[in-house]
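> Quick one: sequence plus predicted model below, questions after.
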Number of protein chains: 2
Amino acid sequence: MTANLRFDQETSDLLEQIIRHRRDVRGNRFLSTPIEQGHLDKILQAGLHAPSVGFSQPWEFVLIENQNTKQAVAASFKEENDKAQQTFATTEGQERQALYQSLKLEGIHESPLNIAVLYKPQDKPILGQTSMTDMGRFSVVCAVQNMWLMARALNIGIGWVSIVNPEKVKTAIDAPTDRELIAYLCVGYVDKFYDKPELETLAWEQRRQTQQVIFKESYQQHENN
Amino acid sequence: MTANLRFDQETSDLLEQIIRHRRDVRGNRFLSTPIEQGHLDKILQAGLHAPSVGFSQPWEFVLIENQNTKQAVAASFKEENDKAQQTFATTEGQERQALYQSLKLEGIHESPLNIAVLYKPQDKPILGQTSMTDMGRFSVVCAVQNMWLMARALNIGIGWVSIVNPEKVKTAIDAPTDRELIAYLCVGYVDKFYDKPELETLAWEQRRQTQQVIFKESYQQHENN
């Protein structure tokens, strides 16, 4: 590893491509082909080289192929998604409710590998986490994003399933009580990557304009405040 | 933008280099040279193309060059860091306390640009956030990590300052009360990037072994549980 490496413009252009072509992949696109060990190692190493507050590396990764575990997580997804459908039924119009129901929102069984990513709190003060106590959790999220980008560079899809009860997932993998589930990832090769986020294509939400979210100096100087 | 783009091995190797050479940069390494507009645009676009739960894009970015704002944030850093030094003084030995005090932990004034990254909650249910309510915050963290990697690919350093009082930062930038500060970033060109995380070099923490943090199927099957 060369110290003080400088990258050329091709590098940032390529990273831009990876970032723009990364998708959240659901069960309708996964292939059952097992992940090559070399690819899995690269994805995990990407996570392990994420930034972490105070170099605390507060992450743990559980690799799941076991059908019983997948079934338990899928059951929690169904339960939570049924509740979510009720929520959208009471707050949104019939059209969006129908759209919500039509969406495939996970790929737990279709993907050959699931990865549960957990936060392990420590019972000592952490450098950089004394004022903003979520920093450890945020470090784990940085690891997930590194993994997601590396997977995409390897033409592997990842879907982040958040419609689950974290405690039920923890039970399914025998996680100690102090751990916190940050992400439940479905990982697999895909038949294709969509060109845009599915929810953008389906107009569930619009892409925000740059000027809506970027402010100069303060919120006061922004016209749409 | 080509649909269904496949990347070659060079791409994943290059991403691995970017990931491994990304550093948290503090005031001792920043140059005062202003960030080129083209570079800033690339960094911000990397953030705007991060994954977000339910395509909610719940992020806002405040670009800060104003000295008064920087001074207010630096004052909050000093206040919080004094408290942190007290915490480490009571919980850790004299050597670590001295090491903590010797560390340069921010580059607020030394970096030409600061970026406050905030989470904007919505008062409607968000797809994918109904069970895990932190998902919006985590989306904002994904944006930060994309920006951090893009900056590194452009040979620009970023330092994440977390030793601040988020409410004081919000006051300094006139943020509406419902917003939450996720990250305060110092951004600038650098004289060099360190080869390893500074806290690893100084042995503040050890790098974890892969087998300490990667589990197969469940925590029960792990010897060091």
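Yep, that arrived.
> if you average pLDDT over stretch A:144-158, what comes out?
Mean pLDDT, computed over stretch A:144-158, is 98.
> what's the offset of it from the middle of its chain?
On the basis of C-alpha atoms, centre = their mean, to the nearest Å, stretch A:144-158 sits 10 Å off its chain's mean C-alpha point.
> repeat for stretch A:174-194
Put simply, stretch A:174-194 sits 7 Å off its chain's centre (C-alpha atoms, centre = their mean).
> Could you list the buried residues of that stretch?
A:174-175, A:179-190, A:193-194 (16 or more other C-beta atoms under 10 Å in any protein chain shown). Yep, even glycine has a C-beta here, placed from its N, CA and C like the rest.
> Show me the shaky parts of chain A.
Low-confidence segments of chain A (pLDDT under 70): A:1-3, A:221-225.
> Pull the residues that contact the helix ranked longest in chain A.
Scanning chain A for the helix with the most residues, using DSSP state H, yields helix A:67-91. Where contact means C-beta atoms under 8 Å, 6 or more residues apart in numbering or on different chains, the residues beyond helix A:67-91 that reach it are A:64, A:96-97, A:100-101, A:105-106, A:108-109, A:114, A:161, A:163-165, A:168-169, A:171-173, A:184, B:124-125, B:127, B:130-131, B:217-218.
> Name the residues of that helix that are buried.
Per 16+ other C-beta under 10 Å, helix A:67-91 contains these buried residues: A:T69, A:K70, A:A72, A:V73, A:A74, A:S76, A:F77, A:E80, A:N81, A:A84, A:T87, A:F88.
> I'd say A:R6 and B:N155 touch.
Yes: using C-beta atoms under 8 Å, A:R6 is in contact with B:N155, at 5.4 Å.
> Out of the two, name the residue with the larger neighbour count.
Each of A:R6 and B:N155 has its neighbours counted (other C-beta atoms under 10 Å in any protein chain shown); B:N155 has more, 18 against 10.
> Tell me which residue is most central in chain A.
A:W160 (4.0 Å; C-alpha atoms, centre = their mean).
> any idea where the helices of chain A begin and end?
A:9-21, A:37-48, A:67-91, A:94-102, A:135-153, A:166-172, A:198-201, A:210-213.
> Mind checking the ones you listed for the one nearest to B:L14?
helix A:9-21 (5.8 Å; C-beta to C-beta).
> can you list contacts of the closest one?
A:149, A:152-153, A:193, B:1, B:5, B:7, B:11, B:14-15, B:17-18, B:42, B:45-46, B:49-50, B:146, B:149-150, B:153-154.
> check the buried residues of stretch A:174-194 against chain B, which are close?
The overlap between the buried residues of stretch A:174-194 and the neighbours of chain B (C-beta under 8 Å from any C-beta of the partner chain) comes to A:D174, A:A175, A:L181, A:I182, A:A183, A:F193, A:Y194.
> So which of those residues belong to strands?
Per DSSP state E, strands hold the following members of those: A:L181, A:I182, A:A183.
> quick one: the second one from A:E106, how far?
Put plainly, it is A:I182. Counting by C-beta to C-beta, to the nearest Å, the separation of A:I182 from A:E106 is 17 Å.
> A:L181 versus A:K168, what's the distance?
From A:K168 to A:L181 the distance is 9 Å (C-beta to C-beta).
> now do A:V62
On the measure of C-beta to C-beta, A:V62 and A:L181 end up 10 Å apart.
> what sits in contact with each of those two?
Joint contacts of A:V62 and A:L181 (C-beta under 8 Å, 6+ apart) are A:A116, A:V117, A:L118, A:A175.
> Farthest-apart pair in the residues you listed, please.
The most widely separated members of the shared contacts of A:V62 and A:L181, counting by C-beta to C-beta, are A:V117 and A:A175 (11.2 Å).
> Residues in contact with both of the two, list them for me.
What both A:V117 and A:A175 touch, as defined by C-beta under 8 Å, 6+ apart, is the set A:V62, A:L181.
> How many residues are close by the residue nearest to A:V190 when sequence neighbours are not counted?
Closest residue in space to A:V190, ignoring its immediate chain neighbours: A:G157 at 4.1 Å, by C-beta to C-beta, 6 or more residues apart in numbering or on different chains. Residues lying near A:G157 (other C-beta under 10 Å) number 27.
> Over to A:T171?
By other C-beta under 10 Å, neighbour count at A:T171 equals 12.
> For it, which non-adjacent residue is spatially closest?
A:A72 is the one closest to A:T171 (C-beta to C-beta, 6+ apart), at 7.5 Å.
> Distance of that neighbour relative to chain B?
Distance, A:A72 to chain B, by C-beta to the nearest C-beta, to the nearest Å: 11 Å.
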